[in-house]
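Undergrad: Quick check, what structure comes out for this input:
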Amino acid sequence: MQTLRELLQDRIAPSRQYSERTVELYTQTIDQFERFLGHEPTLDDLDDVTAAKFCKWRLTTSFRGKTITPATVGKDSTQLKAIWNFAAKKRPKRSDGTDIEFPDYRTPTIPKPRPRAFNAEDLAKLVKAAAPSRPYRQTASGVVLVNQADGTVPDRRANRCDSRAAVGRGGH
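TA: Numbering: from 1, shown residues only. The predicted structure is shown next:
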């Protein structure tokens, strides 16, 4: 019986022209599926109940001391479905001679990440550290930079730094 690892390396990666990094990510998913099953996964292991239980197991099991995020479980589910769909389209037989059916289990819902944001106090500290010679005034809605000479605000729209400004990768 062909293993999922062999299917990935011998058929899927070459035909889809996957990069080394993509093959590595798929291999990690297969490794976790193997860890869940307790044996090297084969085409016989592709069924909806097993895949759904695998996703639930991934959400509740830590790896290397870290909790698995819903996004990682979603990635694992999507990659397992991609391998499974490829196998179902090529119509290899299970060890009992039956056809492999297409997957019909629900991919876990991945919540949108909440943007990390500064509060007004943290933003004031950042402004002060970035421009210690530039006076600023903290307001209820954020931090306002002021003119050094007279302490007035020259153009509120141009100088106001919103305390709700998102930070992180691409504003996420």
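
Undergrad: center of the chain, which residue is that?
TA: Central residue of the chain (Cα atoms, centre = their mean): residue 71, 3.9 Å from the mean position.

Undergrad: Low-confidence stretches in the chain?
TA: For the chain, the stretches with pLDDT under 70 are 130-172.

Undergrad: mind giving me the domain ranges of it?
TA: 4-90, 116-171 (automatic domain parsing).

Undergrad: List the contacts of residue 61.
TA: Neighbour list for residue 61: residue 68 [criterion: Cβ atoms under 8 Å, 6 or more residues apart in numbering]. Glycine gets a C-beta too; all of them are placed from N, C-alpha and C.

Undergrad: That one and residue 92, how far apart?
TA: Residue 61 is 30 Å from residue 92, where distance means Cβ to Cβ, to the nearest Å.

Undergrad: cool, residue 56 as well?
TA: The value you get for residue 56 to residue 92, if Cβ to Cβ is used, is 27 Å.

Undergrad: swap in residue 71?
TA: For residue 71 relative to residue 92 (Cβ to Cβ), the value is 31 Å.

Undergrad: What of residue 45?
TA: 13 Å.

Undergrad: neighbour count winner among these two?
TA: With neighbours defined as other Cβ atoms under 10 Å, residue 45 and residue 92 compare such that residue 45 has more, 21 against 13.

Undergrad: In the longest helix anywhere in the chain, which residues are buried?
TA: Secondary structure of the chain per DSSP state H: the longest helix is helix 70-90. By neighbour count on 16 or more other Cβ atoms under 10 Å, the buried set for helix 70-90 is 72-77, 79-84, 87-88.

Undergrad: hmm, who's touching that helix?
TA: 4, 7-8, 11-12, 25-26, 29-30, 32-33, 43, 46, 51, 54-55, 58-59, 99-103, 107-111, 113.

Undergrad: if we go to 6 Å?
TA: 4, 12, 26, 29, 43, 46, 55, 58-59, 100, 102-103, 107-108, 110 (Cβ atoms under 6 Å, 6 or more residues apart in numbering).

Undergrad: Drop anything exposed from those.
TA: Buried, going by 16+ other Cβ under 10 Å: 4, 12, 26, 29, 43, 46, 55, 58, 100, 103, 107, 108, out of the contacts of helix 70-90.

Undergrad: I figured the last one hits residue 55, correct?
TA: Yes - the pair residue 108 and residue 55 passes the contact test of Cβ atoms under 6 Å, sitting 5.2 Å apart.
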